[in-house]
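J.: Give me a model of this one.
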Amino acid sequence: MAVLAGCSGSDRPAGPAPSASATVTLSAPAVAAERPQARAVALSHLPANLRARVPRFAPPPPAAPKVKLPADGTAGWFSRIPTDQKVAFITIDDGWVKHPLAQRLLEAADVPVTLFLEADAIRSDPQYFAKLQSAGATIENHTISHPNLKGRSYAAQKHEICGGADQLATHYGRRPVLFRPPFGSYDHTTLRASHDCGMKAAFFWKETTNKGKVRFQEGSAVKPGDIILMHFRDRFPDDFLAVLQAIHRAGLTPARLEDYLP
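T.: You can find the predicted model right below:
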């Protein structure tokens with residue numbers, strides 16, 4: 001079943017997001033020796049019905065990047081990463097809904113994920129995403145206010161893309177280098193503005209999930225190199241576990257998207 005829609009208004013709260021912003025203090029991610037213990041602790045704190053649904057993955061293989069980025073002043077554009085390795089990539093967009101179990105689930109799964117965060121969406125609680133960063137997530141760029149960029153002027157697109165990256169850098173101590181355009185909608189200007197804002201590449205997806213159901217653009221199984229889209233929504237546990245199970249059924253392992261870019 002092909003699914004082309006990305007983020008929608010249903011991911012946003014009914015009221016306006018608070019405008020206050022604060023720089024957060026990050027704690028260091030767990031070192032390798034601590035990770036099995038951290039996973040066990042996180043699993044023990046999950047409700048039993050969720051704990052039983054968390055698959056166990058072997059560590060991902062050392063990344064063997066094959067991506068070649070454009071040399072024409074534009075960012076790359078990918079919905080699947082070219083690779084022969086048995087890996088897939090979990091990406092999570094927006095940030096309006098801050099489910100209390102997200103950190104435990106990331107720690108229990110012990111897999112890398114990439115968060116494409118909207119600056120407006122994270123302002124109400126930037127520390128929430130700092131905790132996910134400490135749990136192993138990498139934070140990347142999804143604009144300031146989530147407009148449809150396609151057809152807008154270079155200046156307007158650059159404002160949203162550069163501004164989103166700048167604000168996330170202030171919060172999380174690292175300026176993003178990857179970008180997802182809202183709704184997956186883009187044009188040549190988007191890729192040019194992305195490049196000029198320091199983004200190496202921008203991303204679509206091959207699978208998406210909502211309400212615990214994974215939907216496929218091609219076929220009925222996750223394929224090596226697929227980029228999977230989910231969102232911070234009310235049913236985050238069901239969506240995240242559905243993605244993990246789909247990857248596991250395909251005989252793949254979640255890997256870090258950033259590791260496969262030059």
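
J.: From here on, just use CA atoms for contacts and neighbour counts.
T.: Will do.

J.: Let me see the contact set for residue 201.
T.: 69, 75-78, 177-179, 191, 194-195 (CA atoms under 8 Å, 6 or more residues apart in numbering).

J.: Can you select the buried ones from the residues you listed in ChimeraX?
T.: To isolate the buried ones among those in ChimeraX, judged by 16 or more other CA atoms under 10 Å, type:
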select :75,76,77,78,177,178,179,191,194,195
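
J.: Could you pull out the helices in the protein for me?
T.: Using DSSP state H, the helices of the chain run over 35-44, 48-51, 102-109, 119-122, 126-134, 154-172, 188-196, 236-249.

J.: list the helices and strands the third one packs on?
T.: The reference is to helix 102-109. Applying 3 or more CA pairs under 8 Å, 6 or more residues apart in numbering; DSSP states H and E, one finds that helix 102-109 contacts helix 35-44, helix 126-134, helix 236-249.

J.: cool, the fourth one as well?
T.: Identification of packing neighbours for helix 119-122 by 3+ CA pairs under 8 Å, 6+ apart yields helix 154-172.

J.: Try it again at 10 Å.
T.: strand 87-94, helix 126-134, helix 154-172 (3 or more CA pairs under 10 Å, 6 or more residues apart in numbering; DSSP states H and E).

J.: can you tell me which of these comes nearest to residue 212?
T.: Between residue 212 and the helices and strands packed on helix 119-122, the shortest separation by CA to CA is 14.1 Å, and it involves strand 87-94.

J.: The closest one relative to helix 236-249, how many degrees between them?
T.: Going by axes from the mean of the first three to the mean of the last three CA atoms, to 10 degrees, strand 87-94 is angled at 160 degrees with respect to helix 236-249.

J.: starting at the chain centroid, how far to strand 87-94?
T.: Relative to the centre of its chain, strand 87-94 is centred 4 Å away, using CA atoms, centre = their mean, to the nearest Å.

J.: could you dump it to CSV, C-alpha only?
T.: Only the C-alpha atoms of strand 87-94 are listed here, as CSV (Å, rounded to 0.1, in the frame of the first residue of the first chain):
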residue,chain,number,x,y,z
VAL,A,87,20.2,-2.5,7.7
ALA,A,88,17.3,-0.1,7.8
PHE,A,89,16.9,3.5,9.2
ILE,A,90,14.4,4.7,11.7
THR,A,91,13.5,8.4,11.5
ILE,A,92,11.0,10.3,13.7
ASP,A,93,9.6,13.7,12.8
ASP,A,94,8.2,16.8,14.4
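
J.: Sheet partners, orientation included, of that strand?
T.: In the sheet, strand 87-94 lines up against strand 114-117 (parallel), strand 227-231 (parallel), strand 253-254 (parallel) (DSSP bridges).

J.: still on that earlier bit, tell me which of the helices and strands packed on helix 102-109 sits nearest to residue 262.
T.: helix 126-134 (21.7 Å).

J.: Lowest average pLDDT across the helices and strands packed on helix 102-109?
T.: When these are compared on mean pLDDT, helix 35-44 scores lowest, with a mean of 85.

J.: angle of that one against helix 102-109?
T.: Using the same axes, to 10 degrees, helix 35-44 lies at 130 degrees relative to helix 102-109.

J.: packing partners for helix 35-44?
T.: helix 48-51, helix 102-109.

J.: in that helix, what's buried?
T.: So helix 35-44, judged by 16+ other CA under 10 Å, has buried residues 35, 38-39, 42-43.

J.: Need those in CSV (columns: distance to residue 98).
T.: Formatted as CSV, the buried residues of helix 35-44 follow (distance: CA to CA, whole Å):
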residue, distance to residue 98
35, 24
38, 21
39, 21
42, 18
43, 19
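
J.: wait, isn't residue 189 in contact with residue 181?
T.: No - with contacts counted by CA atoms under 10 Å, residue 189 stays clear of residue 181, the gap being 11.7 Å.

J.: Mutual contacts of the two, please.
T.: Here residue 189 and residue 181 have 149-150, 157 as joint contacts, going by CA atoms under 10 Å, 6 or more residues apart in numbering.
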